[in-house]
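turn this into a structure:
(chains A and B)
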Number of protein chains: 2
Amino acid sequence: MAGGGAAASALSSPWRSLLQRALDGNAHLKHSTFFQLATVGGGGRPANRTVVFRGFQEQSDKIQINTDARSNKIGEIRNCPFGEICWYFTDTWEQFRISGFIDVIDGLSPDPVKLQLRERAWFGSSVKSRLQYLGPCPGVPIPNDDLVKDAHLDPSAGPVDAFCLLVLDPEKVDYLNLKSNQRLMFTRNQKEDGSNSWMADKISP
Amino acid sequence: MAGGGAAASALSSPWRSLLQRALDGNAHLKHSTFFQLATVGGGGRPANRTVVFRGFQEQSDKIQINTDARSNKIGEIRNCPFGEICWYFTDTWEQFRISGFIDVIDGLSPDPVKLQLRERAWFGSSVKSRLQYLGPCPGVPIPNDDLVKDAHLDPSAGPVDAFCLLVLDPEKVDYLNLKSNQRLMFTRNQKEDGSNSWMADKISP
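This next block holds a predicted model:
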């Protein structure tokens, strides 16, 4: 794809087909939908944690992640709204580093379209997953195990306050294949009409 | 371990036994020694990539990582010398988030002890691993595949200029076990004599 930037930019998000192939090739592994999300945390230091891929937003490349609105990362992301996903596929030896702006959508969002996306994400996750948002605030000391009570949830009830949807809008995708030792760098260019084009460059691993 | 901070601090690095158990429990997986290292990159944005655990420095908790001195992360780390490792063990469902100061040791280090550590790391890695440091600068466009020549290396030759050892000195370890749903936060306290003690607290997952 060297010198093929112009050709590649005519395609819509050329890295998506590589990612889909990796997802298919590793689908037998439960952890294939887990990746590490880096943000800038307190004191300007890096923070990093495993999160679960909750699919793309419809008709876009935006990556969805469910999280707890009470976790530290929400304040961190509001302060520095950028993230880099590192997604390593253990069976096919492929790495995707995906960086971009992160939108935080909690129940206080004034945008009805975003609130609808959040609601869809809530009902799209299992009741067991939803139950964790009824538990105690993440990261807070547990003085006594006996105080942690069983939570109950009406499966038809909408998202609770603690449920938050993160949406990462990819700007750059750095793809590395450790089997073929190939690396491709995809860079987004936003056109005047708001649509995206992507440049692809073969770079040294 | 709730309220057991004082008791735990009497032990040396209580998280090490948990990490060793995870390493043993996942040793059959090649990727069990891979983790994601987050740093703060250009423009204050987060950066994240998969790297390989190269063991602890002798008689310490310091984590060693080999890297290419020509990669972007070296400049980034010199600018903001902190990192957070996110180490997810896919078979035992355990996550370790390990944050701390990162020391960059390249061939220009004025400290003979550090240069010795770098040399040991060089000879401790396979000849195949060492060969990558003779390749082209990482992240640079490859204009033509034909220009990438085979590299040759004398196995008894010491580290090349591009070989760099990173040493992360853990300050905080956030341990999460997704099977038992338990989370422990280990925090280092440096004593006046330079030795470390660790506090352990059970926190909400």
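
regarding chain A, what is its longest strand?
strand A:163-177 (DSSP state E).

please name the strands paired to the helix or strand following it in the sheet, noting orientation.
Counting by DSSP states H and E, the next helix or strand C-terminal to strand A:163-177 is strand A:182-190. Partners of strand A:182-190 in the sheet, by DSSP bridges, are strand A:163-177 (antiparallel), strand A:196-203 (antiparallel).

could you redo these as a markdown table and give each row distance to residue B:102, mean neighbour count and mean pLDDT?
(Each C-beta comes from the backbone N, C-alpha and C, glycine too.) Shown next, in a markdown table, are those (distance: least, CB to CB, whole Å; neighbours: other CB atoms under 10 Å in any protein chain shown; pLDDT from 0 to 100):
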| stretch | distance to residue B:102 | mean neighbour count | mean pLDDT |
| --- | --- | --- | --- |
| strand A:163-177 | 21 | 22 | 98 |
| strand A:196-203 | 24 | 19 | 94 |
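
would CSV of those with distance to residue B:156 be doable?
Shown next, in CSV, are those (distance: least, CB to CB, whole Å):
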stretch, distance to residue B:156
strand A:163-177, 30
strand A:196-203, 32
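
quick one: which of these is nearest residue A:65?
strand A:163-177 (4.3 Å; CB to CB).

how far does stretch A:194-205 sit from its chain's centre?
20 Å (CA atoms, centre = their mean, to the nearest Å).

hmm, I was thinking of stretch A:16-24
Using CA atoms, centre = their mean, the offset of stretch A:16-24 from its chain centre is 15 Å.

that one and chain B, any residue contact?
No - for stretch A:16-24, no contact with chain B is found by CB under 8 Å from any CB of the partner chain; the gap never falls below 13.6 Å.

what sits up against that stretch?
Identification of contacts with stretch A:16-24 by CB atoms under 8 Å, 6 or more residues apart in numbering or on different chains yields A:32, A:33, A:61, A:87, A:89, A:92, A:94, A:96, A:175, A:184.

low-confidence regions, chain A specifically.
A:1-12, A:143-150 (pLDDT under 70).

so where's the longest helix in it?
helix A:112-124 (DSSP state H).

quick one, it and strand A:163-177 angle?
Angle between the axes of helix A:112-124 and strand A:163-177 is 80 degrees (criterion: axes from the mean of the first three to the mean of the last three CA atoms, to 10 degrees).

tell me the helices and strands packed up against helix A:112-124.
Applying 3 or more CB pairs under 8 Å, 6 or more residues apart in numbering or on different chains; DSSP states H and E, one finds that helix A:112-124 makes contact with strand A:63-68, strand A:94-105, strand A:163-177.

pretty sure residue A:117 is touching residue A:60, no?
No - in this structure, residue A:117 is not within contact of residue A:60 by CB atoms under 8 Å, at 10.7 Å.

more neighbours, these two?
Applying other CB atoms under 10 Å in any protein chain shown to residue A:117 and residue A:60 shows that residue A:117 carries more neighbours, namely 20 against 12.

mind listing what the more buried one touches?
A:57, A:64, A:105, A:165, A:167.

how about the residues you listed, which pair is most distant?
A:57 and A:105 (10.7 Å).

now for the two: what residues contact both?
A:117, A:167.

neighbour-wise, which of the two wins?
residue A:105 (21 against 18).

in this structure that one contacts residue A:159, no?
No - using CB under 8 Å, residue A:105 is not in contact with residue A:159, being 10.1 Å away.

which neighbours do the two share?
With CB under 8 Å, 6+ apart, residue A:105 and residue A:159 have common neighbours residue A:118.

still on that earlier bit, what's the closest of the contacts of residue A:117 to chain B?
residue A:167 (16.3 Å; CB to the nearest CB).

so who does that closest one touch?
A:57, A:62, A:63, A:64, A:65, A:102, A:103, A:105, A:117.

how close does the last one sit to residue A:66?
So the one you mean is residue A:117. 11 Å (CB to CB, to the nearest Å).

what residues are shared contacts of these two?
Common neighbours of residue A:117 and residue A:66, counting by CB under 8 Å, 6+ apart, are residue A:165.

tally up the residues packed near residue A:28, please.
Residue A:28: 8 neighbours (other CB under 10 Å).

can you pull the contacts of it?
residue A:91.

backbone dihedrals for it, please?
With angles defined as degrees, to the nearest 10, residue A:28 sits at phi -70, psi -10.

do the one 5 residues further on as well
Dihedral angles phi and psi of residue A:33 (degrees, to the nearest 10) take the values phi -100, psi 10.

burial measure for it, as a count.
By other CB under 10 Å, neighbour count at residue A:33 equals 15.

and what of residue A:108?
That count, for residue A:108 with other CB under 10 Å as the rule, works out to 10.
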